[in-house]
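In: need a structure here:
(chains A, B, C and D)
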2 protein chains.
Amino acid sequence: MIGIQTRTSRTRASQRTVTPATAPVRAVRGRAESHDARLRRDPLTALDPLASAGARVSFKRGEEIVAEGDAAEYCYKVVSGSVRLVKLVADGRRQVCEFLVAGDFIGLTAEADHYFTAEATADSVLMRYPRRQVESVIASTPALARHVHKLTTTGLQRAYERMVLICHMSAQERIAWFLLEMGKRSADSDTFMLPMTRADIADYLGLVIETVSRVLTQFKTAGTIQVRNINRVTLLDRDALEAATGEG
Amino acid sequence: MIGIQTRTSRTRASQRTVTPATAPVRAVRGRAESHDARLRRDPLTALDPLASAGARVSFKRGEEIVAEGDAAEYCYKVVSGSVRLVKLVADGRRQVCEFLVAGDFIGLTAEADHYFTAEATADSVLMRYPRRQVESVIASTPALARHVHKLTTTGLQRAYERMVLICHMSAQERIAWFLLEMGKRSADSDTFMLPMTRADIADYLGLVIETVSRVLTQFKTAGTIQVRNINRVTLLDRDALEAATGEG
DNA sequence: CGCCAGGTTGAGAGCAATCAAGCGCGGTGG
DNA sequence: CCACCGCGCTTGATTGCTCTCAACCTGGCG
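Out: Model (predicted):
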């Protein structure tokens, strides 16, 4: 049985790189926009004042950000990089529940503890907010509360959709879907980096690493995709991928 | 390909049995408890005043309560019976995302539309609340907002845990887990009714109906469970089930 | 140069899906 | 009252997709 230890270095970064947030996000935005207007456009900017109470935190690839069962003392916003939310299984296997990218939040939970482990799949920078303060800002800002609720709802929706994927789709369909999904998230939806390993992808889609590798090879030889430097993907035939999503 | 139509009668109940809520829940509760105390104990009682604006609605087995994509005009609270949340797949198959029982909510979403279909798996009674009013009560009641957020968070947590189940557990493990889970939800955790069909269970656990049937038979012949009248289950050997959960 | 983590490729096995048939019970109608 | 019917469930035979086990490749780094 392959344990997670053989797949990723589970180093708990005790000595964390912490940079005081001397330049809150709001300072670099345009000066013409009112506070209210920004709030309406993105309720999460209500958290900006917290920046001074928070900190920029850096994590190297594989490092743990929060551990399942930990008291939810902080919550985080991904600034750059990529994060996986995982559930560890007793026998050492794991389930990647979600991949997070810039702008996504970790730990906006209503529970006392984190119910998943969060790890960086690539070198990442996050903003860290004391959860107690976040809670109070949320409590006094209904618009923000609704937005946070919406984030959680969206997460639930994504989880449901992935259940469909995992239960009803073949390996080819799952990976075609995954590639298109990763494209949507990227600036260039045709050429992008996969900021995670094959093992991460496998554990995300309910497959094993060999199956992921095999299917990617199939897509390569079929001329559907191109892969350079292991993780740089170019979608050559989007139609073929979309067809693979629905027919396998 | 077996479509859902052959599994369940997808009758859209246009002529709904609606009973005006003449006796809100708060009226039948003890008189000694203060409003505040009740709020702290169960923030959802803040919705009680809405009862007069809502209605008791009855659904027969198989009837649709809300449809995926419908505008989220109402939300519901299950009073009695059992409800399944399902995602329908293009080819007619489906995924049961969650089973709801008395006390559970439907449609406390922050999205404009429902992102799943809800159907009664057994004759059920629900309280129906106009969502607009619910929203305003939530907005003015931080404790309630937090509780609703917690409900959604719990749903997400459950979804993640079921991903683990589906991706890493054998058919035996999944069904053992399911039986124990259903027991936990029941008044008597050793003998209870399964208020859904084999097809529902299969679509919930990512299996097919035949596999569910086979595994239940295995458990029966092994003396682990007893099944009477098709859906009345008695757990005879809880230890064996719990062992099956972790080892297959 | 050698090591190591991550990735690829191959051979074989196993578990659950699929296809197919039959059972059991409740309801309905003659 | 009984025969028929349909739905849900059970059981059997077979297929096949993915997992497992194993070997090898590749690129980065000390």
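In: Close to DNA strand D: what parts of chain A are there?
Out: A:1, A:170-172, A:206-208, A:210-211, A:229-230 (C-beta under 7 Å from any atom of the strand). To be clear about C-beta, it is placed using only N, CA and C from the backbone, and glycine gets the same treatment.
In: confidence score at A:Glu111?
Out: Per-residue pLDDT puts A:Glu111 at 87.
In: Would you confirm that it contacts B:Thr153?
Out: Yes: using C-beta atoms under 8 Å, A:Glu111 is in contact with B:Thr153, at 5.8 Å.
In: Please identify which of those two sits among more neighbours.
Out: Each of A:Glu111 and B:Thr153 has its neighbours counted (other C-beta atoms under 10 Å in any protein chain shown); B:Thr153 has more, 19 against 14.
In: C-terminal to the longest helix along chain A, which secondary structure element comes first?
Out: Secondary structure assigned by DSSP state H gives helix A:142-168 as the longest helix of chain A. Following helix A:142-168 in sequence order, the next helix or strand is helix A:171-185 (DSSP states H and E).
In: Are that following helix and chain B in contact anywhere?
Out: No: using C-beta under 8 Å from any C-beta of the partner chain, we find that helix A:171-185 stays clear of chain B, coming within 11.1 Å at best.
In: what do A:Glu111 and B:Thr153 both touch?
Out: The contact sets of A:Glu111 and B:Thr153 do not overlap (C-beta atoms under 8 Å, 6 or more residues apart in numbering or on different chains).
In: okay, now A:Glu242: neighbour count?
Out: 13.
In: if I pick it, what's in contact with it?
Out: By C-beta under 8 Å, 6+ apart, the residues touching A:Glu242 are A:176, A:180.
In: so how far is A:Gly183 from it?
Out: 11 Å (C-beta to C-beta, to the nearest Å).
In: One more: A:Ile201?
Out: Distance from A:Ile201 to A:Gly183, counting by C-beta to C-beta: 14 Å.
In: the more surrounded of those two?
Out: Between A:Ile201 and A:Gly183, counted using other C-beta under 10 Å, the more crowded position is A:Ile201 (25 against 18).
In: Okay, and the beta partners of A:Glu119?
Out: Applying DSSP bridges to A:Glu119 yields these beta-bridge partners: A:Glu64, A:Arg84.
In: neighbouring strands for the helix or strand hosting A:Gln95, and are they parallel or not?
Out: Assigned by DSSP H and E, A:Gln95 belongs to strand A:94-100. Strand pairing for strand A:94-100, using DSSP bridges, gives strand A:83-88 (antiparallel).
In: Which stretches in chain A count as strands?
Out: A:17-20, A:55-59, A:64-66, A:74-80, A:83-88, A:94-100, A:105-106, A:117-120, A:124-130, A:191-193, A:225-228, A:232-235 (DSSP state E).
In: Tell me which helix or strand in chain A has the weakest average pLDDT.
Out: Sorted by mean pLDDT, DSSP states H and E, the helices and strands of chain A end with helix A:25-28, the least confident at a mean of 36.
In: Any stretches of chain A with poor pLDDT?
Out: In the predicted model, chain A carries pLDDT under 70 at residues A:1-53, A:247-248.
In: let's go with 50 and repeat that
Out: A:1-15, A:19-31, A:248 (pLDDT under 50).
In: how deep is A:Ser170 tucked in, by neighbour count?
Out: Counted by other C-beta under 10 Å, the residues lying close to A:Ser170 total 13.
In: For it, give its distance to A:Ala176.
Out: From A:Ser170 across to A:Ala176, the span is 9 Å (C-beta to C-beta).
In: The most centrally placed residue in chain A - nearest residue in space that isn't next to it in sequence?
Out: Residue closest to the average C-alpha location in chain A (C-alpha atoms, centre = their mean): A:Leu100, at 1.0 Å. If the residues on either side of it in the chain are set aside, A:Leu100 comes closest to A:Val83, at 4.2 Å by C-beta to C-beta, 6 or more residues apart in numbering or on different chains.
In: close enough to count as contact, that neighbour and A:Asp123?
Out: No: contact criterion C-beta under 8 Å: A:Val83 and A:Asp123 do not qualify, at 11.1 Å.
In: Compare the two and say which one has the larger neighbour count.
Out: A:Val83 (26 against 15).
In: That one: what's it in contact with?
Out: A:65, A:99-101, A:104, A:106, A:118-121, A:124, A:126.
In: can you list the domain ranges for chain A.
Out: A:4-155, A:169-247 (automatic domain parsing).
In: Out of these, the one nearest B:Gln218 is which?
Out: Taking C-beta to C-beta, domain A:4-155 is the member of these nearest to B:Gln218, at 22.0 Å.
In: Spit out the contact partners of A:Glu161.
Out: B:Lys87.
In: And it, how close does it get to B:Phe178?
Out: Here A:Glu161 is placed at a distance of 22 Å from B:Phe178 (C-beta to C-beta).
In: just A:Ala122 next, same as before
Out: 37 Å.
In: Number of residues surrounding A:Gly103?
Out: Neighbours of A:Gly103 using other C-beta under 10 Å come to 11.
In: wait, it sits on A:Val78?
Out: Yes: using C-beta under 8 Å as the test, A:Gly103 is close enough to A:Val78 to be in contact (6.5 Å).
In: Show me which residues of chain A sit near chain B.
Out: For chain A, the contact set with chain B under C-beta under 8 Å from any C-beta comprises A:85, A:87, A:89-90, A:93, A:95, A:97, A:109-111, A:115-116, A:139-140, A:142, A:145-150, A:152-157, A:159-164, A:166-168, A:203, A:206, A:246.
In: List, out of those, those positioned next to DNA strand C.
Out: Near DNA strand C, by the rule C-beta under 7 Å from any atom of the strand, you find none of the residues of chain A next to chain B.
In: Now that we have those residues, which of them are buried?
Out: A:85, A:87, A:89, A:93, A:95, A:97, A:109-110, A:115-116, A:142, A:145-149, A:152-153, A:155-157, A:159-164, A:166-168, A:203, A:206 (16 or more other C-beta atoms under 10 Å in any protein chain shown).
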